[in-house]
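Asks: based on what follows, work out the 3D shape:
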Amino acid sequence: MGKTAIVNIGTLVSGDLATGELEADSVIIDKGIIVAIGQRLDISDADLVIDAQGTTVIPGLIDSHCHNVLGDYTPRQKQIDFLDSYVHGGITSVVSAGEGVHAPGRPHDPIASKAIAIAAFKCFENFHPNGMKVEAGSVVLEPGLTEDDFVEMVKHGVRFAKYGMGDYADPTDGKDDILRAQKHGLCVMSHSGGASIPGSSPIDHNVLLYLNPDVCGHINGGTTSLDDDGVARLIHESNMALQIVQAGNLRSALHIIKLAREAKALPRVCIGSDTPTGTGVMPLGIIKTICELTSLGRLSPAEAIALATGNNAKLFRLKSGIITLNKPADLVIFDAPSGSNAHDALGAIARGDIPGISCVIIDGQVRVTRSRNTPLAKRLATFEVVAAEEIHE
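Replies: As a prediction, this is how the structure comes out:
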């Protein structure tokens with residue numbers, strides 16, 4: 001993998017909520033890592049030069065609530081290559097919400113739950129659809145998991161746990177298992193709101209405050225949201241991450257953003273899609289949520305992008321998500337869509353128009369040029385291969 005330079009950047013969004021936009025027009029990537037950010041950098045030794053044509057560059061989007069199972073196939077919607085298609089929506093990483101949740105014939109015994117999580121982690125460690133990073137290995141917590149089970153899972157790469165879909169008689173019964181998972185370093189996401197699939201139970205704010213997971217999954221509903229008073233209590237009486245999803249309740253999402261901003265709790269808010277589910281497969285799920293939270297929720301475009309990039313990275317303990325030195329080069333180049341009154345991508349987002357993607361880069365490699373899923377961008381990035389460099393379509 002050679003050195004890549006991105007030049008003529010109009011706007012560079014860091015993905016960091018506190019930083020916002022960066023004063024730079026160039027980014028240099030070497031061996032998949034960002035090695036330089038600045039103005040008019042020396043690109044004489046670049047193997048590939050990408051001219052952003054004055055458009056916007058952001059970190060690759062992270063979907064923090066994805067229902068992958070195994071491979072690039074969703075049993076829930078019976079579609080193949082959905083993860084590949086999500087890359088065309090600017091999503092460079094997804095976080096598993098528990099592979100066992102949608103596994104056909106899902107068993108509820110602890111050994112099977114452990115085995116599914118370990119197998120998923122090991123499979124996706126080697127399988128990257130269209131370069132995507134699938135942060136897999138999310139154990140669905142079930143009664144009967146032992147201390148030794150958690151030790152074994154961590155040893156084999158499991159880093160996440162999902163609560164709320166297990167075979168507990170009462171939602172509060174899993175407190176000890178959540179504590180055990182957290183003790184072993186797993187990031188625990190809990191279901192919240194109404195029941196989403198047969199076999200799951202509603203989980204309200206009182207249960208969540210008692211369980212104290214790391215992440216309140218789909219706080220705006222998956223698809224039925226928590227009530228407004230419950231949301232307020234979670235914001236003010238806990239430190240858990242507050243996940244807003246595309247497959248949830250939009251009115252609730254906007255209310256959550258308002259309350260979080262007033263409580264200075266935006267660093268705890270993150271974005272996921274909660275797909276594939278009954279809502280469907282949504283390659284543009286994350287970017288659509290960014291547009292909605294900006295155009296209707298009074299966030300700036302840079303703030304909304306940070307919720308889907310840097311915030312997700314911090315809250316789910318990922319390496320990517322922010323454009324800074326020595327971070328993986330997961331990047332998206334996009335612009336206002338053709339026909340929009342906006343002049344650039346951030347202006348389009350502020351209007352609620354989905355931008356047009358002209359390049360997606362994962363670990364320094366170009367994986368998408370003109371997206372097959374977004375509208376056509378007004379300005380398209382161009383590519384000059386100075387030395388042999390593979391561009392993946």
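Asks: got the buried residues for stretch 107-122?
Replies: 108, 110, 112, 113, 114, 116, 117, 118, 120, 121 (16 or more other CB atoms under 10 Å). Every residue, glycine included, has its C-beta placed from N, CA and C.
Asks: pLDDT of that stretch, averaged?
Replies: Averaging pLDDT along stretch 107-122 gives 96.
Asks: who touches it?
Replies: The contact list for stretch 107-122, computed with CB atoms under 8 Å, 6 or more residues apart in numbering, reads 68-70, 96, 98-100, 103, 136-146, 149, 152-153, 156-159, 166-167.
Asks: so which of those residues are in strands?
Replies: With DSSP state E as the criterion, strands contain 96, 138, 139, 140 from among those.
Asks: any idea how far the third one lies from residue 116?
Replies: It stands for residue 139. Distance of residue 139 to residue 116, given as CB to CB, to the nearest Å: 8 Å.
Asks: who touches both of these two?
Replies: Counting by CB under 8 Å, 6+ apart, the shared contacts of residue 139 and residue 116 are residue 100.
Asks: thinking again about what came up before, show me the two of the buried residues of stretch 107-122 that sit farthest apart.
Replies: Greatest spacing in these, by CB to CB: 108 and 121 (20.2 Å).
Asks: tell me if I am right that residue 304 is in a helix.
Replies: Yes: counting by DSSP: H, G, I helix; E, B strand; the rest coil, residue 304 is found in a helix.
Asks: number of nearby residues for it?
Replies: Neighbours of residue 304 under the rule other CB atoms under 10 Å: 25.
Asks: OK, contacts around it?
Replies: Shown in contact with residue 304 (CB under 8 Å, 6+ apart): 271, 289, 290, 291, 293, 294, 297, 349.
Asks: how does it look with 7 Å?
Replies: Counting by CB atoms under 7 Å, 6 or more residues apart in numbering, residue 304 touches 290, 293, 294.
Asks: now a PyMOL select for only the buried ones of the residues you listed.
Replies: Selection of the buried residues among the contacts of residue 304 in PyMOL, burial being defined by 16+ other CB under 10 Å:
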select buried, resi 290+293+294
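Asks: circling back to that earlier point, could I get the ones in strands among the contacts of stretch 107-122 as CSV with neighbour count?
Replies: Below are these laid out as CSV (neighbours: other CB atoms under 10 Å):
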residue, neighbour count
96, 27
138, 28
139, 33
140, 26
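Asks: quick check, nearest of the residues you listed to residue 366?
Replies: residue 96 (25.7 Å).
Asks: any idea how far the closest one lies from residue 271?
Replies: 16 Å.
Asks: how about the helices in the stretch 201-350 of the chain?
Replies: In the stretch 201-350 of the chain, the segments counted as helices under DSSP state H, counting those that start in this stretch are 205-211, 228-237, 250-262, 285-295, 301-307, 310-315, 345-351.
Asks: to residue 371, which of these lies closest?
Replies: Taking CB to CB, helix 285-295 is the member of the helices of the stretch 201-350 of the chain nearest to residue 371, at 10.1 Å.
Asks: can you give me the end-to-end span of stretch 295-303?
Replies: End-to-end distance for stretch 295-303: 12 Å, by CA to CA, to the nearest Å.
Asks: under a three-state scheme, what state does residue 373 occupy?
Replies: Per three-state DSSP, residue 373 ends up coil.
Asks: burial measure for the residue nearest to residue 47 when sequence neighbours are not counted, as a count.
Replies: Using CB to CB, 6 or more residues apart in numbering and skipping the chain neighbours, the partner closest in space to residue 47 is residue 2 (3.2 Å). Neighbour count for residue 2, taken as other CB under 10 Å: 17.
Asks: would you check that residue 2 makes contact with residue 32?
Replies: No: using CB atoms under 7 Å as the test, residue 2 is too far from residue 32 to be in contact (10.5 Å).
Asks: picking that back up, winner for burial among the helices of the stretch 201-350 of the chain?
Replies: helix 301-307 (a mean of 27; mean count of other CB atoms under 10 Å).
Asks: average pLDDT across that one?
Replies: Mean predicted confidence for helix 301-307 is 98.
Asks: which residue ranges make up each domain of this protein?
Replies: The chain breaks down into these domains under automatic domain parsing: 3-59+322-385, 61-283.
Asks: can you list those domains in TSV and add distance to residue 310?
Replies: Output for these, formatted as TSV (distance: least, CB to CB, whole Å):
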stretch	distance to residue 310
domain 3-59+322-385	4
domain 61-283	9
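Asks: so for residue 301, which of those domains sits nearest?
Replies: Smallest distance to residue 301 across the domains of the chain (CB to CB): 4.1 Å, for domain 3-59+322-385.
Asks: could you give the separation of that closest one from the chain centroid?
Replies: On the basis of CA atoms, centre = their mean, to the nearest Å, domain 3-59+322-385 sits 18 Å off its chain's mean C-alpha point.
Asks: and what of stretch 292-304?
Replies: Worked out by CA atoms, centre = their mean, stretch 292-304 lies 17 Å from the chain centre.
Asks: do the same with stretch 80-91
Replies: Using CA atoms, centre = their mean, the offset of stretch 80-91 from its chain centre is 12 Å.
Asks: pLDDT on that stretch, on average?
Replies: 98.
Asks: kindly format the C-alpha coordinates of stretch 229-236 as CSV.
Replies: C-alpha atoms of stretch 229-236 as CSV (Å, rounded to 0.1, in the frame of the first residue of the first chain):
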residue,chain,number,x,y,z
ASP,A,229,-39.7,11.8,31.4
GLY,A,230,-37.7,8.5,31.3
VAL,A,231,-35.3,10.0,28.8
ALA,A,232,-34.8,13.1,31.0
ARG,A,233,-34.0,10.9,34.0
LEU,A,234,-31.4,8.9,32.0
ILE,A,235,-29.7,12.1,30.8
HIS,A,236,-29.6,13.6,34.3
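Asks: what score does the nearest residue to residue 37 once chain neighbours are set aside have for pLDDT?
Replies: Sequence neighbours aside, residue 24 is the residue nearest to residue 37 in space, at 4.9 Å (criterion: CB to CB, 6+ apart). pLDDT for residue 24: 98.
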